[in-house]
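Participant: How does the following fold in three dimensions:
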Amino acid sequence: MFLRELKEPLLRLKGAGPALAAKLARLGISTVAGLLCHYPRDWEDRSRHLPLKDWSKGRVCTEVQVLAHDWFGFGRMRTLKIYVEDESARACLLCFNRPFLEKQLQTGTRCRLYGHFHYKYGDIQSSAFEVEPINDSTGGFAEGGFGGGRILPVYPLTLGLSQGALRKLMHRALQHYAPALEDELPESIIRRDALPRKSHAIRAIHFPASHEELETARKALIYEELFYLEVMIGKRSMQRKSGITHEQRLEGNEQRAISSLQRRLVERLPFELTPGQESAVGEINRDVAGPFPMARLLQGDVGSGKTLVSFMAALKALEGGGQTALMAPTELLARQHAENAARLLEPLGVRIAFLTGNLKASGRAHLLKALVAGEIDMVAGTHALFSRDVEYRNLRLVVVDEQHRFGVLQRQAIMAKSVTSSPDLLMMSSTPIPRSLALTVFGDLDVSEIQDMPPGRKPVKTHLARETNEQKVYDFVQRELAAGHQAYFVYPLIDGGDENDLKDAVSMAERLAKEVFPEFPLALLHSKVDEEEKRRIMDDFRKGDIKILAATSVVEVGVDVPNATCMVVEHAERFGLSALHQLRGRVGRGQAQSYCFLVYADNLTDIGKTRLKVMLENSNGFIIAEEDLKLRGPGQIAGLAQSGYLTLGLSDPIRDAAELARARADAFAMLETDPDLALAENRRIAEVLQRAPPFGEVGN
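Facilitator: Numbering: from 1, shown residues only. This is a model prediction of the structure:
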């Protein structure tokens, strides 16, 4: 049986009662397979002896004898203190909330002791310790899983769940189910790399007999995860590209040059395309002219000109007789795309429309009729683009902006609107995706990168400011406003009520308008503002009638005001790197020097400090994306954690880059010679994918 075929409910395991099962359910664990795939986040080495006298060198791990008991405090605060000694020194154990140890550790008892110690009040002492009588014959699992002399797993936990209880249950599950687990990798790879069998690896990852065994099991399971990920990516990539002849590839390469309609747009622009834009347009033209649908990811920094490239792609689709749907995550951004498309493309004869869920019934009916009749060439909108009643005459190109904000099913829904064949897909991201992640999550896509910026742009100057020094920030912004420029103030909350006393947009907008900048027009913008009001506010802000915009992160995307030169982010430590980079990208879009102030509270966490340091030292979105990946992991940075897009257990695309490259080479080499996995040595892979797939849907 394969590991993920162990669908037996946890309640069938001895000792897994309803209370424990409910706690494990909070961790997403409901079956034996889920339990065995709940890998340790760390391991504690209790096989190395460290006596009490060497407490400053690390965690003490020694055998001690109980000398005496004492109590301190009164009433509910009365606490047990136990004095112990080993061959090197004496120490005391502070047993907070553990009075039961008085009976368990009676005077004269010999115990195994493990814990962090410090020197205080003349004693070596600890309140963070585990202890186990030496005469315990159960190996430690019956009494909470101390496991003297072992390397023990340290698991992610939830409220009310202890390491001891989880270790005990894991040990039972391994005893009952691990011996029957089948290998999931081809025999040829197991022999080539001398990998342990799956039954051995899954036991050793939880309870290794040695550090060497742990490392061998860890590497084997990491490789297996990455191998199957790349197999699935490779199958999709080859299905999309299969059947392309050498002549067709040459023909596609000849189609890189811009078309006549695209050239007319370029001639109307007051600037030239950057080399990065030209390269991206050429790659898209080649794909669109090819025999199979395009699947391309276009990524570039904030303000690098990706939207213009998507307009060029829409013109290419129009020349082929097709329609384009441009989908954005917010109505604000979708409306901006529609307005820019109307300004640039309507003079070329392109018929533009804008569709959201807030469109009135009469206007919506007319638009849908025109869309299915082919009287609209390009429609920009939100999720409404794939509503049930929306039909297209000939949808040939789907552009998904800020792709990480859409789930897999949402992208599939818009792609399914094409009635003839699968349309070309262009996904765009202003949060560049690191190469290590692009090889995993987006490994079946072709990737275009715009590394350069339009000429004349000045880098935004970033400053960090303590919350107590915010008056200096206000003074600076005052001078910029007096010079005729505009400013953003962004807050983490819409309104008050946060227990951490965070500033909110509603109350701060009132304070800014009345106390700080009373002479400058100010408006408030957040997700609860009516869409028509949002449109009016943004129009007034673009025209300069509003000088200050107090907002939440709703302005993270879709706001382009070249005259805005100041971005002030309050409680910047509460925002992720991606959001901070996007917010900073709202300024610096004109010719004037722009500034970003990241205002932070005094009680910064280590992650908060790291984020602010990254923002201060870097302006390149690709570098920031790499740092973001290190901090948040692949699931969150690609917007995958909420979509079931990618589930990795032990592996990490950055840390395990070498294993990723090896797994990818093995998977793609195998698929090139045996795309249907029909050969005998590859049937095991096909069987795993059919009976117990390691992942959900990967990419689209």
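Participant: Stretch 29-40: end-to-end distance?
Facilitator: 14 Å (Cα to Cα, to the nearest Å).
Participant: ok, and what's touching whichever strand or helix holds Leu344?
Facilitator: Leu344 belongs to helix 331-345 when assigned by DSSP states H and E. For helix 331-345, the surrounding residues in contact (Cβ atoms under 8 Å, 6 or more residues apart in numbering) are 265, 268-269, 307-308, 311, 314-315, 326-328, 350, 352-354, 356, 358, 378, 380-382, 401-402, 531, 534-535, 538, 554-555, 557-560. To be clear about C-beta, it is placed using only N, CA and C from the backbone, and glycine gets the same treatment.
Participant: Put the alpha carbons of the following helix or strand past it into PDB.
Facilitator: Using DSSP H and E, the helix or strand that directly follows helix 331-345 along the chain is strand 352-355. The C-alpha coordinates for strand 352-355 follow below in PDB (Å, rounded to 0.1, in the frame of the first residue of the first chain):
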ATOM      1  CA  ILE A 352     -13.100  47.900 -25.600                       C
ATOM      2  CA  ALA A 353     -15.500  47.000 -22.800                       C
ATOM      3  CA  PHE A 354     -15.400  46.900 -19.000                       C
ATOM      4  CA  LEU A 355     -17.300  44.200 -17.000                       C
END
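Participant: Return the distance of Asp377 relative to Ile414.
Facilitator: 17 Å (Cβ to Cβ, to the nearest Å).
Participant: where in the stretch 451-600 of the chain is pLDDT low?
Facilitator: Counting by pLDDT under 70, the low-confidence segments of the stretch 451-600 of the chain come to 497-500, 558.
Participant: Please, where are all the strands along it?
Facilitator: 461-466, 486-490, 522-525, 548-551, 564-570, 595-600 (DSSP state E, counting those that start in this stretch).
Participant: tell me the angle the fifth one makes with strand 461-466.
Facilitator: Okay, so that is strand 564-570. Per axes from the mean of the first three to the mean of the last three Cα atoms, to 10 degrees, the angle that strand 564-570 makes with strand 461-466 is 30 degrees.
Participant: which helix in this protein runs the most residues?
Facilitator: Scanning the chain for the helix with the most residues, using DSSP state H, yields helix 211-241.
Participant: How far does that helix sit from its chain's centre?
Facilitator: Chain-centre distance of helix 211-241: 20 Å, with Cα atoms, centre = their mean, to the nearest Å.
Participant: Which positions in it come out as buried?
Facilitator: 213-214, 216-237, 240 (16 or more other Cβ atoms under 10 Å).
Participant: which one in this protein is furthest away from the centre?
Facilitator: What lies farthest from the middle of the chain is Gly108; by Cα atoms, centre = their mean that is 53.5 Å.
Participant: Who does the nearest residue to it once chain neighbours are set aside form a beta bridge with?
Facilitator: Spatially, and ignoring its direct neighbours in sequence, Gly108 is nearest to Val66 (6.3 Å; Cβ to Cβ, 6 or more residues apart in numbering). Note on Val66: beta-bridge partners Val84, judged by DSSP bridges.
Participant: Enumerate every residue touching Val66.
Facilitator: 82-84, 105-111.
Participant: Which one of those residues is nearest to Gln163?
Facilitator: Cys111 (18.0 Å; Cβ to Cβ).
Participant: I'd say the closest one and Val64 touch.
Facilitator: Yes - look at Cys111 against Val64 with Cβ atoms under 8 Å: they come within range, at 5.6 Å.
Participant: which residues are common contacts for these two?
Facilitator: Joint contacts of Cys111 and Val64 (Cβ under 8 Å, 6+ apart) are Val84.
Participant: Since that was my last question, I'll sign off now.
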